[in-house]
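>>> sequence first, predicted model second:
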Amino acid sequence: MIRCIRRTSAFCLLLLVALLVNAARVQVFEADTLDDNPANRRQAIARYAQPRGDILIGDRSVTGSAATGRRLKYERTYTEGPLYAPVTGYASQTYGTTLLEHAEDAVLSGTAPALAPIPLWNELTRGREPGGDVVTTIRDAAQRAAYDGLGGRRGAVAAVEPSSGRILALVSTPSYDPGLISGTGRAVVDAWRRLNASASMPMLNRALRQTYPPGSAFKIVTAAAALDSGVVRDPDAPTDTPSPYVLPGTSTTLPDEAGGCERASLAEAIRVSCNTVMARLGVEVGLTGMVDAARGFGFNDDGLTVPSGVARSNFDERMSDDQLALSSIGQFDTAATPLQMALVASAVANGGDVRRPYLVERTTAADGSTVWRNRPRAYRRAMTPATAVRLRRMMVDVVENGTGTNAAIDGATVGGKTGTAQNGAGNSNKPYAWFISWAQAAESGRPAVAVAVVVEDAVADRADISGGGSAAPIARAVMEATLADRSGDG
Amino acid sequence: MTATTADAPPPEPRLPKRRGVELSLLVGAVVIPVYGYAAVGLARSGAVPPDVAGYGAGLGLLALFAHLAVRLRAPYADPLLLPIAVLLNGLGLVLIYRLDLETPADRAAPTQLVWSTLGVALFIGVVLVLRDHRLLQRYAYLSVTAALALMIVPIFFPAVNGAKIWVRIGGFSLQPGEFAKILLAVFFAAYLAANREALAHTGRRGWRRRLPSGRVLGPIVAIWLLSVGVLILERDLGTSLLFFGLFVIMLYVATGRTGWIAVGLLLAAVGAFVVGSLEPHVHSRVTDWLDPFASIDAGRGPGQLAQSLFAFAAGGMLGTGLGLGDSVLIGFATRSDFILATAGEELGLSGLTAIFLLYALLVARGYRAGLALRDPFGRLLSVGLASILALQVFVIAGGVMGLIPLTGMAMPFLAQGGSSVVTNWVMVALLIRVSDVARGPRPARVESGIVASAVEDER
């Protein structure tokens, strides 16, 4: 009996060892996998256990946190959500985070190692710092001007400071209130379904994430390529382009909407927006030259983040000459985000240099001390300074004498370019109206702002829709707001 | 051979009583849960709960009265048993109180405290009244009758969460099967002690082995089959597994035949396979065990077992700290079946290991009493009681941690449940009693008889 009892106790010891080994398996070896299981709500609970840091426009917070009294203790709130949604994105307990809420999540949720008093502190204590703040580069006045200017029509505005790359406005309309989907439960799920089902796609960030055919606004890129490559030496010399122009290798003719394009000069072609001249110039520059030029402005970049990810703007790298001709006037497969087109204007304004665009000025710890500060950085070289000077003049001419007169501002130098992009198979849908521009205060040494505006369809008649009519006034409002804001800054 | 020497009665030094050790361990066993109680309050609301002194005094008084009873009537009892029981019960109360904070509408800790008090009262009662465990041997048949009656009663009451193991009268609910554990262990011990000679040495030869005669083996197999049958009817598979294991272990210890273990394992495997694939309730638990995350992949969110694993994982090595975990996500049965997940999350692997070691120590002390005892009944009884604890801890802990399929059972002392905590206290009282006899001085007259039995034992 003694031996049996001993064996029984040995058996129990075996059971104990099995339990301990299994506990170690679950709690140590498989712990990370289990922690990261998306169905495990603990990370969400920890994330929302404290108020989230705020996103600031200037020195004003446009976000907040409200106590919920539920398991996820704090819920995101937004002041003027629709206005800033393309900047902030949403932080939803149900649907995760997007845009700045996503890109700066570590700071906002307090997990960023930089927030900790000493390295690895939080890893040791399993703690979290209070959420830090994110100060954006957005100018409230410019943002509002853009939002009001679009007035709920489908479209987007992106504005940057050419000399630094600071993004001054980022608007997409129609917009939505991210606060509607902050929490959990029936109402949030319903709001989410409604927003996603809506034909106007309010949650689409058109300024960063949607690409449009840039239409004639792209002619600035083609012009820069033509000047830099030496295809055009004198912008005011007539070219020998017929109107209409037969696309190379085809019998398809490309017409001009504007008059006086027969044998027009480059400057004239920009001023009145001649398709024929620019299409032919693109072909003359050649595929390699055009692709290089487009890249120089930021096209074909998959990885641009501001720090929210920006959709890739496209200029095809393999095409036939007729396709190249169409691409050179911003049609065929050419597609650009509003931010990209703002960079095109900004390149001209900034002497051919494209600064890397950014949306976050600095991040701070909860006590306001700066954790990280952004600095302007070079991004691309779009053209030589000499070409930039010539293009500046041409763009000013567009506003003073050409298609962009609606963008003129008293007491400031404004350069612009209209665009009306065909949309849909066989041009069946309403075209997109573009306007890209920059403005420089009279007393200032350098341009204050570059803007791109796109209006998708609007209720206007086909004939009415053109960059100059629909989009230029919005661009002017944004530029005016920025110039006024800047002089106000002193 | 070593067993024989170990089994021979040592020259008789006067064993120290160790009551002072017990008292000082009890202080620790009270202080630790009180500290935990305060820690929960600090973690949850930033303040020590106002009733921490009352809670401490209550637990302290219970421990003190129990200690006095032991000191008075079982002075030679193992000094570890009571402190471990107090510590586990106190930890259980802290965990239940901590989980109560998550569900303000549904508080279980006060009830559990009442049951714990009743448990300790019964403990004191057993220690005071039962002078010698051998008395129980006389009531073997009464025990088994009562056990069967208790197990059958719930059939007439409605099922709760799929198992018909509850008796509800008024606001109270009881799980009579819990009490049946002890009664059945008493019966098995008594019957096997009385018939072990016959079991081991009579009967026909078959398969080159001696099979016990049906006349000897019959009644006990019948009782066992009946109890397991009833439990299967009630869908209390955890307890039926426990009874099965208990029966096999006690039969093995009584007869010394390894064959019983083999037969037992074989039967258990066949039974588990048949029940596991046929009974839908059990089948779902087996599939759950095989893939705890299936319901997540199917888009229905994590099931209880997955949530339990998440809780354990969140604890890691050191745990989140009392009151700081989210084991309440497991849903219903967090306080009963899944209470170990809270311990695992908030105390971590280190805390869990400590808890397992406490149980192991309790079990080991039971076996040790069995080893030191001279009468077969006492030996079988202490082995039975210790095995019940060991099996129960393994089955439930293995279940909630994904080692084996989950079977609803209560973690001894930790889990919410009045019947369970009362039963566990009675079990500890019995262990105190047998350990007192095992460690106490022996009357000279009995001594000689014991030597004979010990020698006989190893044949």
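Looks like it arrived, so ask away. Numbering: from 1, shown residues only, chains lettered A, B, ... in the order given.

>>> okay, now residue A:36: neighbour count?
Look at residue A:36: counted by other Cβ atoms under 10 Å in any protein chain shown, it has 10 neighbours. Every C-beta, even on glycine, is put in place using the N, C-alpha and C of the backbone.

>>> one more: the one 10 residues further on?
For residue A:46, the neighbour count with other Cβ under 10 Å is 20.

>>> now do the host helix or strand of it, average pLDDT.
Element membership of residue A:46 [criterion: DSSP states H and E] is helix A:42-47. The average pLDDT within helix A:42-47 is 85.

>>> what is the following helix or strand past it packed up against?
Per DSSP H and E, the first helix or strand lying C-terminal to helix A:42-47 is strand A:55-57. When contacts are defined as 3 or more Cβ pairs under 8 Å, 6 or more residues apart in numbering or on different chains; DSSP states H and E, strand A:55-57 sits against helix A:81-88, strand A:133-136.

>>> parallel or antiparallel, list what pairs with strand A:55-57.
strand A:60-61 (antiparallel), strand A:133-136 (parallel) (DSSP bridges).

>>> distance from the chain centre to the helix holding residue A:46, please.
30 Å (Cα atoms, centre = their mean, to the nearest Å).

>>> any idea how far residue B:393 is from the most centrally placed residue in chain A?
Taking Cα atoms, centre = their mean, the centroid of chain A lies closest to residue A:208, which sits 2.6 Å from it. Remark: distance between residue A:208 and residue B:393 (Cβ to Cβ, to the nearest Å) = 58 Å.

>>> dump the residue contacts of whichever residue of chain A sits closest to chain B.
Nearest residue of chain A to chain B: residue A:34, at 3.4 Å (Cβ to the nearest Cβ). Taking Cβ atoms under 8 Å, 6 or more residues apart in numbering or on different chains as the criterion, residue A:34 is in contact with A:26, A:40, B:309, B:310, B:312, B:313, B:314.

>>> ok, residue A:472 next?
A:404, A:405, A:406, A:407, A:416, A:418, A:435, A:437, A:453.

>>> weed out the non-buried ones from those.
Those of these that meet the buried threshold are A:404, A:406, A:407, A:416, A:418, A:435, A:437, A:453, by 16 or more other Cβ atoms under 10 Å in any protein chain shown.

>>> did I read that right, the last one in a strand?
I take that to be residue A:453. Yes: inclusion of residue A:453 in a strand is indicated when DSSP: H, G, I helix; E, B strand; the rest coil is applied.

>>> isn't it up against residue A:155?
Yes: Residue A:453 is in contact with residue A:155 according to Cβ atoms under 8 Å; the separation is 7.0 Å.

>>> okay, and the common contacts of the two?
Here residue A:453 and residue A:155 have A:471, A:474 as joint contacts, going by Cβ under 8 Å, 6+ apart.

>>> related to what we said a few turns ago, dump the residue contacts of the residue nearest to the centre of chain A.
Residue A:208 neighbours (Cβ under 8 Å, 6+ apart): A:86, A:99, A:158, A:170, A:306, A:308, A:309, A:310, A:311, A:337, A:338, A:339.

>>> and with 6 Å instead?
With contact set as Cβ atoms under 6 Å, 6 or more residues apart in numbering or on different chains, residue A:208 has these partners: A:310, A:339.
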